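Colleague: Sequence isn't available, so here's the structure alone:
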Ligand SMILES: Nc1ncnc2c1ncn2[C@@H]1O[C@H](COP(=O)(O)OP(=O)(O)OP(=O)(O)O)[C@@H](O)[C@H]1O
């Protein structure tokens, strides 16, 4: 039960905002488990009601998944108000600057008891993040193919494997999927997932306690190191130095390293050149924001794993309106499910509109074709009027194509409508621009980055 509760808390921490997690989940206590019945206690009536209405079904789904059986989860008031199980056995998971959960349990070589703890817990691999639960589309098919290849031949095919992409696009999911597969294939392998911020903290602890020998020994003797969000190493020279030694040792021993970052190696600020060149020495693959069909597939799959069937209409409606990343989609789905449960109403487009009122109005307010034209013109230092002018010099034509591409990606407008807003151009001109920029984006990390910056600016 303790293991379950740790896994469940870690998963919820990934899914919720840090505020939600510490307000609602952290105070819960797993009381007992017997004959398929799990009792979870909340410290007061208010929290109990809230947890019952908002999180009961998710916790139940995770319990059923964990025990691979139907589990009845009862939520009760905790008369003793004792400390959570997770808190008693391990420090609370840390949260990084992005609000993303750091590894399941905070650790350092000083407090690691590797020989005695179960393999999975040492590795910090989340069992739910597998290839099976990872939806594939154009945006991530290359990354997934590389991940599978590396999972099948760790240390042999691409080393290091470097994934980059914007927030919430599945980088963490993918590296856990590799870890899960390798762990299943080679149960004895010493695998470790770590968020870069935790690694920095471990370096600081080793420094304070003069424990670098243990630190080195631990990291240099792994069979596979999965390190997430390495951009956090930027400007931290001691961490970079330690990581450099670990990197060299592992690669020389043909041990697999997998790295994620929010941008491609050369763009990471404050990173030592020798590390940058090493990051790029294996395979570097981008994960792009999901396209519409993939967003729909993700929504349908996530709803299904929560035991809910979404109609295609509803899934398309949500996917059309929320375009930035998968984490946002998951958040929206949770809101919809909670809203429909709370009101006891079936999930229809009207319910979705009500449940996502705030989210949708922000999206609608922020992104218009005019807004895109202005942002792109400012970015490339040209006049907004050039967006609709007939002039065609390259320094204008290219930003115009980019603006058309973004208009197609980020608004609901059709190709003819976009053409109209760009000075009455034909829809085939818009189509050509959209295809051209999409191709360039797939080929060139620089173009991808430029577009990513513009998208982030537009989304505020
Ligand atoms: N292709 C996918 N199929 C299913 N779920 C996905 C997919 N991509 C992302 N997710 C889910 O979306 C959420 C966010 O993904 P993840 O944490 O892997 O993003 P990330 O790229 O590591 O983001 P960050 O840069 O913030 O660390 C997770 O719950 C993950 O399981």
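Modeller: That came through fine. Everything numeric in this text was worked out from a predicted model, so none of it was measured. Numbering: from 1, shown residues only.

Colleague: so what's the residue of the chain found nearest the ligand up against?
Modeller: Relative to the ligand, the nearest point of the chain is residue 170 (2.6 Å; C-beta to the nearest ligand atom). To be clear about C-beta, it is placed using only N, CA and C from the backbone, and glycine gets the same treatment. Applying C-beta atoms under 8 Å, 6 or more residues apart in numbering to residue 170 gives the contacts 134, 140, 143, 287, 326.

Colleague: could you redo those as a markdown table and give each row neighbour count, secondary structure and distance to the ligand?
Modeller: Converted to a markdown table, those look like this (neighbours: other C-beta atoms under 10 Å; DSSP: H, G, I helix; E, B strand; the rest coil; distance: C-beta to the nearest ligand atom, whole Å):
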| residue | neighbour count | secondary structure | distance to the ligand |
| --- | --- | --- | --- |
| 134 | 19 | coil | 4 |
| 140 | 27 | coil | 6 |
| 143 | 25 | helix | 9 |
| 287 | 23 | coil | 7 |
| 326 | 25 | helix | 3 |
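
Colleague: And the furthest pair within those residues?
Modeller: Longest distance between any two of these is 13.0 Å, between 143 and 326; criterion C-beta to C-beta.

Colleague: if we can go back for a sec, ok, of the contacts of residue 170, which one's closest to residue 257?
Modeller: residue 143 (16.0 Å).

Colleague: For residue 257, grab phi and psi.
Modeller: Residue 257 has phi and psi values of phi -120, psi 130 when expressed as degrees, to the nearest 10.

Colleague: State the distance from it to residue 220.
Modeller: 12 Å (C-beta to C-beta, to the nearest Å).

Colleague: Can you pull the phi and psi angles for the closest residue to residue 376 other than its chain neighbours?
Modeller: Spatially, and ignoring its direct neighbours in sequence, residue 376 is nearest to residue 403 (4.1 Å; C-beta to C-beta, 6 or more residues apart in numbering). For residue 403, the backbone dihedrals (degrees, to the nearest 10) come out as phi -60, psi -40.

Colleague: what sits against residue 403?
Modeller: Residue 403 makes contacts with 372-373, 376-377, 387, 422, as judged by C-beta under 8 Å, 6+ apart.

Colleague: Sort out which of these are in helices and list them.
Modeller: Among the contacts of residue 403, the members falling in helices (DSSP state H) are 372-373, 376-377.

Colleague: and these, which two are the farthest apart?
Modeller: Distance extremes for the ones in helices among the contacts of residue 403: the farthest pair is 372 and 377 at 9.4 Å, using C-beta to C-beta.

Colleague: Find the centremost residue of this protein, please.
Modeller: In the chain, the C-alpha nearest the mean C-alpha coordinate belongs to residue 168, at 3.2 Å (C-alpha atoms, centre = their mean).

Colleague: any idea of the pLDDT on the residue lying closest to that one once chain neighbours are set aside?
Modeller: Once flanking residues are discounted, residue 168 sits nearest to residue 327: 3.0 Å by C-beta to C-beta, 6+ apart. Residue 327 carries a pLDDT score of 90 in this model.

Colleague: and what of the one 3 residues further on?
Modeller: Here, the pLDDT recorded for residue 330 equals 93.

Colleague: Do I have it right that it meets residue 14?
Modeller: No. Using C-beta atoms under 8 Å, residue 330 is not in contact with residue 14, being 9.5 Å away.

Colleague: and residue 34, how far is that from residue 72?
Modeller: Distance of residue 34 to residue 72, given as C-beta to C-beta: 11 Å.

Colleague: Between the two, which has more neighbouring residues?
Modeller: residue 72 (12 against 8; other C-beta atoms under 10 Å).

Colleague: so that one makes contact with residue 38?
Modeller: Yes. The criterion here is C-beta under 8 Å, and residue 72 meets it with residue 38 at 7.3 Å.

Colleague: Residue 33: which element?
Modeller: Applying DSSP states H and E as the criterion places residue 33 in strand 29-34.

Colleague: Direction included, what does that strand pair against?
Modeller: Strand pairing for strand 29-34, using DSSP bridges, gives strand 37-42 (antiparallel).
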